[in-house]
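S.K.: Using only what follows, build the 3D model:
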Amino acid sequence: MTSRNVKVGLAQMSCGPDKEKNIARYSERVRQLAAEGAQIICLQELFASLYFCDVEDYHNFRYAEAIPEGPTTQHFMALAKELGVVIICSMFEKRAEGLYHNTTAVIDADGTYLGKYRKMHIPDDPGYYEKFYFTPGDLGYKVFHTKFARIGVLICWDQWYPEASRITALMGAEILFYPTAIGWAVDQDDATNDEQYQAWQTIQRSHAVANGIPVVSVNRTGREGDMQFWGGSFVTNAFGRLLWQAPHLEECTHIEELDLGDSDRYRRHWPYLRDRRIDSYAPILNRYIDN
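M.R.: Here you go, the predicted structure:
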């Protein structure tokens with residue numbers, strides 16, 4: 001087995017109402033992680049603002065901007081080039097007048113904009129009124145060939161869907177990144193909180209197991225209105241083993257070194273890809289299979 005190591009950096013942060021201050025704080029974390037050796041750095045979902053989807057408010061569309069022409073993408077392109085790091089940058093995209101997406105831009109280590117992934121699964125639940133703001137993604141699932149690895153990027157609610165991770169892995173992703181914004185209602189009991197967090201982590205760890213690739217999940221923390229974002233960002237290896245987990249209520253940064261050569265070893269010993277019965281999966285295209 002040939003080892004091929006890559007260092008991934010995570011920044012778990014709280015956010016405030018001032019977009020420029022959020023971007024400045026995150027830029028400092030990127031600089032810190034790069035100085036400590038990170039090669040691929042992932043920022044949390046919608047890091048430049050408060051999580052505005054907790055309410056339906058037309059005023060919040062002011063946070064959106066074009067990608068990659070907008071100032072935030074351009075700023076991080078320059079920063080990636082300066083530092084020689086890959087940056088995964090989650091933003092509110094204004095595609096056209098009245099048309100918006102929840103989008104992640106991927107920037108290579110020389111500052112090149114490699115492309116974008118638009119969130120495919122859009123929730124609409126109390127505290128997460130994303131359908132008010134975001135059109136579902138129409139670019140399909142994406143893999144980005146960066147200097148250090150082929151990476152797949154999915155966003156938050158996408159993380160509950162094994163179909164999304166499977167397709168991204170089949171496209172050649174070597175690491176799966178999930179920028180995220182998820183939390184607990186502040187009046188919720190501890191048992192429910194723990195159950196929800198464990199389910200959230202377990203489903204993502206299962207994607208690592210089923211596909212034989214590491215998973216990196218980067219969540220926000222801090223209280224925003226009636227929501228306590230639960231942090232708990234984590235990294236798994238290519239068989240779902242937990243390598244690192246962040247605290248729930250504190251900001252933190254972390255670098256984890258992953259050996260991408262492990263995927264071949266796990267896939268040889270647990271040959272899920274070999275044994276897939278692709279001739280039998282047509283029913284998955286149904287919304288529900290009625291008797």
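S.K.: Residue 164 and residue 252: what is the separation?
M.R.: According to C-beta to C-beta, to the nearest Å, residue 164 stands 27 Å off from residue 252. Just so you know, the C-beta spots here come from the backbone N, C-alpha and C atoms, and that holds for glycine as well.
S.K.: Between the two, which has more neighbouring residues?
M.R.: When residue 164 and residue 252 are compared for neighbours, residue 164 comes out ahead with 21 against 14, by other C-beta atoms under 10 Å.
S.K.: what helix or strand is the more buried one on?
M.R.: Using DSSP states H and E, residue 164 maps to helix 162-170.
S.K.: and that helix, how far out from the chain's middle?
M.R.: 14 Å (C-alpha atoms, centre = their mean, to the nearest Å).
S.K.: Kindly report the same for stretch 100-107.
M.R.: That offset, for stretch 100-107, works out to 11 Å (C-alpha atoms, centre = their mean).
S.K.: Send over it as PDB, restricted to the C-alpha atoms.
M.R.: Taking C-alpha atoms only, stretch 100-107 is exported to PDB below (Å, rounded to 0.1, in the frame of the first residue of the first chain):
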ATOM      1  CA  TYR A 100     -30.300  32.200  -5.200                       C
ATOM      2  CA  HIS A 101     -28.400  29.100  -4.100                       C
ATOM      3  CA  ASN A 102     -26.600  27.700  -1.000                       C
ATOM      4  CA  THR A 103     -23.300  27.200  -2.700                       C
ATOM      5  CA  THR A 104     -19.700  26.200  -1.900                       C
ATOM      6  CA  ALA A 105     -16.800  27.500  -4.000                       C
ATOM      7  CA  VAL A 106     -13.600  25.500  -4.200                       C
ATOM      8  CA  ILE A 107     -10.300  27.400  -4.600                       C
END
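S.K.: Mean confidence (pLDDT) on that stretch, please.
M.R.: Averaged over stretch 100-107, pLDDT sits at 98.
S.K.: Other residues contacting it?
M.R.: Applying C-beta atoms under 8 Å, 6 or more residues apart in numbering, the external contacts of stretch 100-107 come out as 45-46, 61, 64, 67-68, 73, 76-77, 80, 86-95, 113-119, 122, 130, 133-135, 137, 144, 146, 151, 153, 155-156, 179.
S.K.: which residues in the stretch 51-200 of the chain form helices?
M.R.: Counting by DSSP state H, counting those that start in this stretch, one finds helices in the stretch 51-200 of the chain at the ranges 71-83, 162-170, 190-211.
S.K.: Any chance of these in CSV with distance to residue 276 and mean pLDDT as columns?
M.R.: Listed next are these as CSV, based on distance: least, C-beta to C-beta, whole Å; pLDDT from 0 to 100:
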stretch, distance to residue 276, mean pLDDT
helix 71-83, 36, 98
helix 162-170, 9, 98
helix 190-211, 10, 98
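S.K.: Let me have those helices in a markdown table, extended by distance to residue 5.
M.R.: As requested, the helices of the stretch 51-200 of the chain are exported to a markdown table (distance: least, C-beta to C-beta, whole Å):
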| stretch | distance to residue 5 |
| --- | --- |
| helix 71-83 | 19 |
| helix 162-170 | 20 |
| helix 190-211 | 17 |
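S.K.: Among those, which comes closest to residue 288?
M.R.: Nearest of those to residue 288, taken as C-beta to C-beta: helix 162-170 at 14.6 Å.
S.K.: Remind me what that closest one packs against, helices and strands.
M.R.: Secondary-structure packing of helix 162-170 (3 or more C-beta pairs under 8 Å, 6 or more residues apart in numbering; DSSP states H and E): strand 150-153, strand 175-179, helix 190-211.
S.K.: Tell me what angle the last one forms with strand 175-179.
M.R.: Counting by axes from the mean of the first three to the mean of the last three C-alpha atoms, to 10 degrees, helix 190-211 points 150 degrees away from the direction of strand 175-179.
S.K.: in the chain, which ranges drop under the pLDDT threshold?
M.R.: Scanning the chain for pLDDT under 70 picks out 1-2.
S.K.: What number of residues are in the vicinity of residue 4?
M.R.: Using other C-beta under 10 Å, the number of residues around residue 4 comes to 15.
S.K.: filter the contacts of stretch 100-107 to the buried ones?
M.R.: Buried by 16 or more other C-beta atoms under 10 Å: 45-46, 64, 67-68, 73, 76-77, 80, 86-94, 113, 115-119, 122, 130, 133-135, 137, 144, 146, 151, 153, 155-156, 179, out of the contacts of stretch 100-107.
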